[in-house]
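> Return a 3D structure for these sequence lines:
(chains A and B)
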Amino acid sequence: MPAVPDTTGEGAVAAPPSLSVSPSPSPQGPEGQRIHFEDVSVRYGAVTVLSDFTLTVEPGEIVALLGPSGSGKTTALRAVAGFVAPTSGRVFIGQRDVTGIAPNARNIGMVVQNYALFPHMSVAENVAFGLRARRAERGLVARRVAESLALVGMEAFAGRMPRALSGGQQQRVAIARALAIRPSVLLLDEPLSALDAQIRRQMVEEIGRLHREIPDLTILYVTHDQHEALTLADRIAIMRDGKLAALDTARALYRRPPNRFSAEFLGRANVLEGRVSALSDDGTMAELEIGALRMRGANPHGLPAGARALIGLRPHHLTQALPHAGPGTSGAADGAVRIEGRITHVDWQGASETLTLALGPTSGGTTSGGTASGAASDPATAEIRCTAPPAAEPHRIGATITLHYDPQDATVLPHEATDG
Amino acid sequence: MADATTRPLPHPHRTLRHTLRAALPGSAWVVLPLALSALVFLYPLALVLHEALTGGGAGLDTGPALRVLGAHIFRTALTNTLRIALASTLGCLVIGFALAVVLSYVPFPGRSLALRLIETFIALPTFLVTLAFTFLYGSAGIVNETLMQATGAALPPLDFLYSSWGVILAEVTVYTPFVLRPLMAAFSTLDRAQIEVAASLGARAPMIVRRILLPAALPALMAGGSLCLLLTVNEFGIVLFIGAKGVITLPLLVYSKAIQEFDYPTACVVASANLVLSVGLYALYRAMVGRMGGGHADLV
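Numbering: from 1, shown residues only, chains lettered A, B, ... in the order given. Prediction:
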């Protein structure tokens, strides 16, 4: 797990609750504030839903908490909002320890999955709610409501009631309502989960645009959708069983997942189990013996020869054409790894198709470097998925095909990587 | 005659049903029970109305009825009835709303037991609560005896039970669960995220109650309130049992005229006025329940 910088500082001064309303006419809020979790645990009796969770979201940053149901991501967000009291540890917004502070004094904006618009109030009244709670003067309320609605493209709907809006429109209003108070931080709890796929894609773009317009806004974004996390987040925190399983930039996590769970959860990588059989001179590349197969990949963890290890490889990095076989290259590209497999399943998805291949002893995988096949063992049951544009001729189940990948696209992982 | 020979014979089990169906048209199966009900329930009511409108004579004579309706005792009973019913309903609404908010949103040990206990009042006979109040707040009740011993006072210091306030307190105690139940149902359907979002936006508890909970509870309050008003207008047991001096309501006046004075014509006029009031309030109640929507209508 990457180290989490602790910029809290001992004895941080707890500022008084800030309920003032900035008179700034700019659509941009006050200086974004960081969110910091310091060893936060949440337990309900014998059940631990969040365990020693430490994470800092820097000002202006979008961090996505990504994980399956029950991984503790929503609990972490609710601890920032004040709706979950940590059993131990502290939560900071900026330099202020908000652990024991009431939700209404935290100056946060929150958007939830089912919008939670107040059904008896118009769109404008919904957006004005937080400002009225802060007793903002009437002119400021009107100005902020107009600005916030314009920010989400809903200014024409100010007089409508929530029930007269579509799901996407309601979520836009919910975002405007959260932004109208100029929150220190914005908490988004699965904000797009209730929307259909097409609207969700649009809203991801909307939220991205919104953050470009308000670059100082710190956003904690809880989702189980990796597409949302990869598209929006500066950094992704992958959660599992109440713990932080991985934390890094979206690209780094995708390119070099630090453990099996991250590799499989983010991008559904193929993960095969074997033993390090050879290393490159500088140790940055390793070859794994996986039964009859020899597979090579990057060795960012510096695993030694003989160590039990895993190799993670994204389905779309496996191609039937040779990777990096540019003009003037004939035959295998330098260093490309070749795998043979028997097609067991074809999943056609329109723009792409996913082939599932059984890597049995008959497939006798070899590397392009000419390493001989080993004795058949595990691959008898191993499977690998390959995603590619659909072939002109439909694939035949049972046919044996050859796939290639660039070893730089594969990552060798520690064997005991499942616990993060 | 060829048709007669080829027509299939009727199924033996169907014969009776077919015979009955042939004998009576479909609507008769509805009309007959209704007519029976009307004979048992509506005919006595019609007799009361007839007595009120004829003054015991043969033809229509509204004179006696108008005299009763104009009498001081009737106006006092009507005023008392409405005043007590409105005050009790208001009390039920305020206490019911506060209890519903606490029971729905404030977690505390024994919450469900408290809810069951409050709901048990629906099943209790009204006089039982009144009897309990007599033991508690009556002249020789526990509270007064304790106070008299403590202060050395010669007379019971707490002297509200045998007045309109005693009736109102008893009615509020008995009928608050009738408001509580639809309110709890309304709160159970309210998305808690609304309350959380409101808090995150800076709203404190009073604003959340006023701006979020109250509007959400309004249909249930109106339906529960209408039901309370209907029941308290017709409340007889509590008023009689408390025996408050000078507190005459319409049901008590009917009882007094019919049973104690054998003045049936007057009793029928007062009962008819009470009936009109009740039917009007029932119409109001149905309208309120209708506004709550079908999903909630069966809860109240």
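> Close to chain A: what parts of the stretch 51-200 of chain B are there?
B:Asp191, B:Ala193, B:Gln194, B:Glu196, B:Val197, B:Ala198, B:Ala199, B:Ser200 (CB under 8 Å from any CB of the partner chain). For glycine as for every other residue, the C-beta is placed from the backbone atoms N, C-alpha and C.
> what's the single longest helix in chain B?
Scanning chain B for the helix with the most residues, using DSSP state H, yields helix B:72-105.
> And for residue 123, the neighbour number?
You didn't say which chain, so I picked chain A. By other CB atoms under 10 Å in any protein chain shown, 27 other residues sit near A:Val123.
> Not quite, go with chain B.
Around B:Ala123 there are 7 residues (other CB under 10 Å).
> so how far is B:Arg116 from it?
With the distance defined as CB to CB, to the nearest Å, B:Ala123 ends up 11 Å from B:Arg116.
> Would you mind listing the buried residues in stretch A:147-166?
A:Glu147, A:Ser148, A:Leu149, A:Leu151, A:Val152, A:Met154, A:Glu155, A:Phe157, A:Ala158, A:Met161, A:Pro162, A:Leu165 (16 or more other CB atoms under 10 Å in any protein chain shown).
> Angles on the backbone of the residue of the stretch 51-200 of chain A found nearest chain B, please.
Among the residues of the stretch 51-200 of chain A, A:Gly130 lies closest to chain B, at 3.3 Å counting by CB to the nearest CB. In terms of degrees, to the nearest 10, the main-chain angles of A:Gly130 are phi -60, psi -40.
> my read: it touches A:Arg182, true?
No: the criterion here is CB atoms under 8 Å, and A:Gly130 misses it with A:Arg182 at 9.3 Å.
> So for the two, which residue has more residues nearby?
A:Gly130 (29 against 22).
> Spit out the contact partners of that one.
A:Gly109, A:Arg177, A:Ala178, A:Ala180, A:Ile181, B:Leu201, B:Gly202, B:Ala203 (CB atoms under 8 Å, 6 or more residues apart in numbering or on different chains).
> Quick one: the residues you listed as CSV, columns for neighbour count and pLDDT too.
Shown next, in CSV, are the contacts of A:Gly130 (neighbours: other CB atoms under 10 Å in any protein chain shown; pLDDT from 0 to 100):
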residue, neighbour count, pLDDT
A:Gly109, 27, 93
A:Arg177, 31, 95
A:Ala178, 24, 94
A:Ala180, 27, 93
A:Ile181, 27, 92
B:Leu201, 29, 95
B:Gly202, 28, 93
B:Ala203, 23, 95
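> my guess is A:Gln171 meets A:Ala116, correct?
No: using CB under 8 Å, A:Gln171 is not in contact with A:Ala116, being 10.2 Å away.
> Which one of these two is surrounded by more residues?
Taking other CB under 10 Å, A:Gln171 and A:Ala116 do not tie; A:Gln171 has more neighbours (28 against 24).
> Now that one: which helix or strand?
Under the criterion of DSSP states H and E, A:Gln171 resides in helix A:167-180.
> on that earlier part again, what residues of the helix or strand following the longest helix of chain B count as buried?
Following helix B:72-105 in sequence order, the next helix or strand is helix B:111-123 (DSSP H and E). Judged by neighbour count (16+ other CB under 10 Å), helix B:111-123 contains these buried residues: B:Leu115, B:Ile118, B:Phe121.
> same question, stretch B:218-232
Of the residues in stretch B:218-232, those with enough neighbours to count as buried (16+ other CB under 10 Å) are B:219-232.
> would a markdown table of those residues with pLDDT be doable?
Below are the buried residues of stretch B:218-232 laid out as a markdown table (pLDDT from 0 to 100):
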| residue | pLDDT |
| --- | --- |
| B:Pro219 | 88 |
| B:Ala220 | 90 |
| B:Leu221 | 92 |
| B:Met222 | 89 |
| B:Ala223 | 87 |
| B:Gly224 | 90 |
| B:Gly225 | 90 |
| B:Ser226 | 88 |
| B:Leu227 | 88 |
| B:Cys228 | 91 |
| B:Leu229 | 90 |
| B:Leu230 | 89 |
| B:Leu231 | 91 |
| B:Thr232 | 92 |
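> Pick out the residue nearest the middle of chain B.
B:Leu231 (2.1 Å; CA atoms, centre = their mean).
> Does that one fall in a helix, a strand, or a coil region?
Here B:Leu231 takes the helix state, with states given by DSSP: H, G, I helix; E, B strand; the rest coil.
> Give me the nearest residue to it, chain neighbours excluded.
B:Tyr175 (5.8 Å; CB to CB, 6 or more residues apart in numbering or on different chains).
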